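1. Mind looking at a prediction? Sequence and model below.
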Amino acid sequence: MGSRHTIARMGDADRVVEPGPGSLSDSGDDDRDEHNGDGAGARRPEVSALVAKLQDGVDGLRALPLEGVPPALGDRPWP
Amino acid sequence: MSPDLAGFTIATATKELAARRLWAVELVEETLATVDRDNERLNAYLHVDREGALAAARRADAALDDGSAGPLAGIPICVKDVIHVAGMPTTAGSSGWSRLPTADAVAVARLREAGAVIIGKGNTNEFAFGIDGRNPHWGDCRNPCDPTRISGGSSAGPACATRAGLALGGLGTDTSGSLRVPASLCGLVAVRPTHGLVPTAGVVPLAWSYDTVGPLARTVADAALLLEVIAGPALGPAGYAGGDPALDLRGRIVGLLTQFIEAGCDPEIAASTHAAAALLESLGAKVRPVELPRLEHIDTIHTLIQFAEAAAVHRRWIDDQRPRYEPAVLDRLEAGAALSATDYLEAQRARELFRVETARAIDGVDALIAPATPIVAPPLDADTVDVDGRQVLVRTALLSFTLALSQLGIPVVAIPLGETAGLPFGLQITGRPGTERSLLALAAAYRRAAGVGEP
């Protein structure tokens, strides 16, 4: 078997390759509106629900004894 | 000869290849024939490089003949399609985002330097942002033990290929559990290395502060060999590197993470985990229950950090590619983009608190054990699954035992633990950062003592 993808010229590391068969864009159904495709419109309900749940979680984190605890960013030795 | 791939391991293949009773070209031809026969049914590979694989096999044979062969000469490997392999497309399992890399990811370069033959690119959840191995663009990866069920993901293709004989080993990534979950559901060994041990250069990121690159294999010895190669000198010279494990575990203290089992777990998986603890005790280890702090906050911590980091990764192209994203992935990315910097930092601070308190809780313990998943592979079309009498989202169930360990940057070895109705489930063995060799030795000792799978 071979590749399922449309293979562009080799050696072009960052070139975007056209989508292959089975891609959403090949289906003929442009669901841009459904997905709030302009990127700047109102937040979709599914996303709002996720964000609300996460905000609740953040409130819970703020109740933790975090005084003096730095963020876990970068390499830090095992305590 | 025509090698029987179903019974092969990397260790047995390298022995046969070194003795020249087997040629790398034969092994790769047989692997490609298995791919031809089974890939349509299993969907393990998104791309196969037949000519490149055969050329690499011929080079491996030449190196084996002249004595210059590396430790993986001629071994067929499946690479997850978020990891760059020069000359093969990287789609990250997406429909509209693709790259043609001119250079290998560091881990792939190390595999090729050791003589491994890259067969192709393995199926994955879109951008590795999923845990079930389902893919709406290229087709779901299927579980070789029962193709009506999920393989687990997101390192789905490499797991499926390794289990089904479409490769002898796999290279994948683990951010939340993406090596350990498919290993559990497909009956394989996986290693999530210490964060940073294996370079992630050349890997499409999901969430930087969690992303790791690691191997999938049929035995602990094979996984140890693959890890040895991809980690390079950073792994350190001393300790287990495959071969005979020490079966005397006297003086070792093993913690059993009982909370995971009590929180909801298939009774057979719970019983097998307790049986594994008893077996380790019979080898001389002292086993004691260990409790991790703050587990009720782990899902929030992980979700905030992962979504925010993933949103940052995708920020450059999401507006142009929005219609092409899988809806569930798009939801997560947009939610991540809506979070504030302070939300993200609160989560990272809570993560650090968890890390400090966990280090205290496991002080004096050499290793911890816990089930890898609370369930066996669900059917492909299941959205929810029964966990000990409760209906739980498949994604939530599959991640429930891996997320906490992902916060800590520590190594985790997943091994097959048992089967129920022919469906495998796994065990996680974890410990302090940098203890991969010690954890692999413990895993090999367990497997040997249990009489399952290790030579």
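-> Alright, I've got the coordinates.
2. show me where pLDDT drops low in the chain?
-> All of this refers to chain A. Applying pLDDT under 70 to chain A flags residues A:1-41, A:74-75.
3. that answer is for a different chain, and I need it for chain B
-> Using pLDDT under 70, chain B drops low at B:1-3, B:5, B:453-455.
4. can you name the farthest residue from the center of it?
-> B:Asp66 (34.1 Å; C-alpha atoms, centre = their mean).
5. Quick check: the gap between it and B:Asp366.
-> Using C-beta to C-beta, to the nearest Å, we find B:Asp66 at a distance of 43 Å from B:Asp366. C-beta here means a position set from N, CA and C on the backbone, and glycine is covered the same way.
6. got it, and B:Ile118?
-> Where B:Asp366 is concerned, B:Ile118 sits at a distance of 36 Å (C-beta to C-beta).
7. When the two are compared, which one has more neighbours?
-> B:Ile118 (25 against 19; other C-beta atoms under 10 Å in any protein chain shown).
8. who does the helix or strand hosting that one touch, helix- and strand-wise?
-> B:Ile118 belongs to strand B:117-122 when elements are defined using DSSP states H and E. On a contact count with 3 or more C-beta pairs under 8 Å, 6 or more residues apart in numbering or on different chains; DSSP states H and E, strand B:117-122 meets helix B:24-42, strand B:45-48, helix B:50-66, strand B:76-80, helix B:106-113, helix B:156-164.
9. That strand to helix B:106-113, inter-axis angle?
-> Strand B:117-122 and helix B:106-113 are oriented at 150 degrees to each other (axes from the mean of the first three to the mean of the last three C-alpha atoms, to 10 degrees).
10. Sheet partners, orientation included, of the very next helix or strand once past strand B:117-122?
-> Sequence-wise, the next helix or strand downstream of strand B:117-122 (DSSP H and E) is strand B:142-143. Each strand that pairs with strand B:142-143, with its direction, by DSSP bridges: strand B:146-150 (antiparallel).
11. returning to that earlier point: nearest to chain A, of the helices and strands packed on strand B:117-122?
-> strand B:45-48 (4.6 Å; C-beta to the nearest C-beta).
12. Output the closest one as PDB, nothing but the C-alphas.
-> C-alpha atoms of strand B:45-48 as PDB (Å, rounded to 0.1, in the frame of the first residue of the first chain):
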ATOM      1  CA  TYR B  45      -0.900   3.300   9.500                       C
ATOM      2  CA  LEU B  46      -1.700   6.600   7.800                       C
ATOM      3  CA  HIS B  47       1.300   6.400   5.600                       C
ATOM      4  CA  VAL B  48       3.600   3.600   4.600                       C
END
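13. ok, and does that strand reach over to chain A?
-> Yes - Strand B:45-48 lies within reach of chain A by C-beta under 8 Å from any C-beta of the partner chain, at B:Tyr45, B:Leu46, B:His47, B:Val48.
14. Would you list the strands that that strand pairs with, along with their directions?
-> Assessed with DSSP bridges, strand B:45-48 is paired to strand B:117-122 (antiparallel).
15. then the strand it pairs with to CSV, C-alphas only?
-> Coordinates of each C-alpha in strand B:117-122 appear next as CSV, following Å, rounded to 0.1, in the frame of the first residue of the first chain:
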residue,chain,number,x,y,z
VAL,B,117,13.6,0.7,9.8
ILE,B,118,10.8,3.1,9.8
ILE,B,119,7.8,1.4,8.1
GLY,B,120,5.5,4.5,8.2
LYS,B,121,3.5,6.9,10.2
GLY,B,122,0.9,5.6,12.7
